[in-house]
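Engineer: need coordinates for the below:
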Amino acid sequence: MILWGRLNSHNVKKAVWALEEIGLPYERRDMGGAFGYTSEYLAMNPNRLVPTLVDGDLVLYESNAILRYLGARYGEALWPADPVERARADRWMDWQFSYADAQRDAFLQCVRVAPDQRDAAVIARSAQACGAMMAILEVELALQPYLTGESFGIADIAMGTYAHTYFTLDLARYDATSPDLPDVRDWYARLIARPAFASIAIPLS
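Structural biologist: Numbering: from 1, shown residues only. A predicted model of the protein is given here:
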């Protein structure tokens, strides 16, 4: 099994985390960003994005599709076969893309832009949007320890990867209606305590 993609990509991190949770042997090959895209890679994934997973004859891109595939084929504990459980995970995995849109400007400004060139207003708007969405997570996580219930699953991987950036970036993190987010903080603490999380706990870049 080969996973193509640079580890400083959020979407690659999701796939790596899932592979480590399941305990599957794999090889990760750098691609994208500073590594560019080879013609071999673009023949597999013409979108100029990462990751791409190669498992035998299967070539699969789109990070959350990769999570679902890995869960369905190799790690049912992460994505149970029950349609209701899968629907709960799907909801948060789709929601994660909206969250990524909210966080993108803050991430780019804080990580990819030199400090003396950052736009404080852009960062503040993005931080406020992130905080508002984290307040939605707070409501859910006040009811249960993980996004789909009592057990850790692939929805926690998808959103947890972005939560790690949220708690790592130097920005105002909390929505005014929920300034402390204690249940989100507790959930995040449970995620980063998992041994497989160490595989993606690299400096933001």
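Engineer: not counting sequence-adjacent ones, nearest residue to residue 104?
Structural biologist: Excluding its sequence neighbours, the residue lying closest to residue 104 (C-beta to C-beta, 6 or more residues apart in numbering) is residue 126, at 7.2 Å. For every residue, glycine as well, the C-beta is placed using N, CA and C.
Engineer: my guess is the one you found contacts residue 110, does it?
Structural biologist: No. Residue 126 is not in contact with residue 110 according to C-beta atoms under 8 Å; the separation is 9.2 Å.
Engineer: give me the common contacts of the two.
Structural biologist: Counting by C-beta atoms under 8 Å, 6 or more residues apart in numbering, the residues touching both residue 126 and residue 110 are residue 171.
Engineer: tell me which of these two has more neighbours.
Structural biologist: Each of residue 126 and residue 110 has its neighbours counted (other C-beta atoms under 10 Å); residue 126 has more, 23 against 19.
Engineer: for the strand or helix carrying that one, give the mean pLDDT please.
Structural biologist: Assigned by DSSP states H and E, residue 126 belongs to helix 120-141. If you average the pLDDT over helix 120-141, you get 93.
Engineer: any buried residues in the very next helix or strand once past it, and which?
Structural biologist: Remark: after helix 120-141, the chain's next helix or strand is helix 154-168, criterion DSSP H and E. Neighbour counts over helix 154-168 (16 or more other C-beta atoms under 10 Å) mark 154-166 as buried.
Engineer: shaky segments in the protein?
Structural biologist: 173-179, 205 (pLDDT under 70).
Engineer: swap in 90 and give it another go.
Structural biologist: 128, 169-181, 201-205 (pLDDT under 90).
Engineer: all strands for it, in order.
Structural biologist: 2-4, 27-29, 52-55, 58-61 (DSSP state E).
Engineer: got the buried residues for the last one?
Structural biologist: Buried positions in strand 58-61, judged by neighbour count with 16+ other C-beta under 10 Å: 60-61.
Engineer: relative to that strand, what are the paired strands and their orientations?
Structural biologist: strand 52-55 (antiparallel) (DSSP bridges).
Engineer: how near is residue 30 to residue 12?
Structural biologist: Noted for residue 30: a distance of 9 Å to residue 12, by C-beta to C-beta, to the nearest Å.
Engineer: only C-alpha atoms, please: export stretch 7-25 in PDB.
Structural biologist: Provided in PDB are the C-alpha atoms of stretch 7-25 (Å, rounded to 0.1, in the frame of the first residue of the first chain):
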ATOM      1  CA  LEU A   7       2.900  15.100   5.500                       C
ATOM      2  CA  ASN A   8       2.300  18.800   6.100                       C
ATOM      3  CA  SER A   9      -1.000  18.600   4.200                       C
ATOM      4  CA  HIS A  10      -4.100  18.300   6.400                       C
ATOM      5  CA  ASN A  11      -5.600  15.800   4.000                       C
ATOM      6  CA  VAL A  12      -2.500  13.600   3.900                       C
ATOM      7  CA  LYS A  13      -2.400  13.700   7.700                       C
ATOM      8  CA  LYS A  14      -6.000  12.400   7.800                       C
ATOM      9  CA  ALA A  15      -5.000   9.300   5.700                       C
ATOM     10  CA  VAL A  16      -1.800   8.700   7.700                       C
ATOM     11  CA  TRP A  17      -3.600   8.900  11.000                       C
ATOM     12  CA  ALA A  18      -6.200   6.300   9.800                       C
ATOM     13  CA  LEU A  19      -3.500   4.000   8.500                       C
ATOM     14  CA  GLU A  20      -1.700   4.200  11.800                       C
ATOM     15  CA  GLU A  21      -4.900   3.600  13.800                       C
ATOM     16  CA  ILE A  22      -5.700   0.500  11.900                       C
ATOM     17  CA  GLY A  23      -2.000  -0.700  11.900                       C
ATOM     18  CA  LEU A  24      -1.700  -1.200   8.200                       C
ATOM     19  CA  PRO A  25       1.700  -1.500   6.600                       C
END
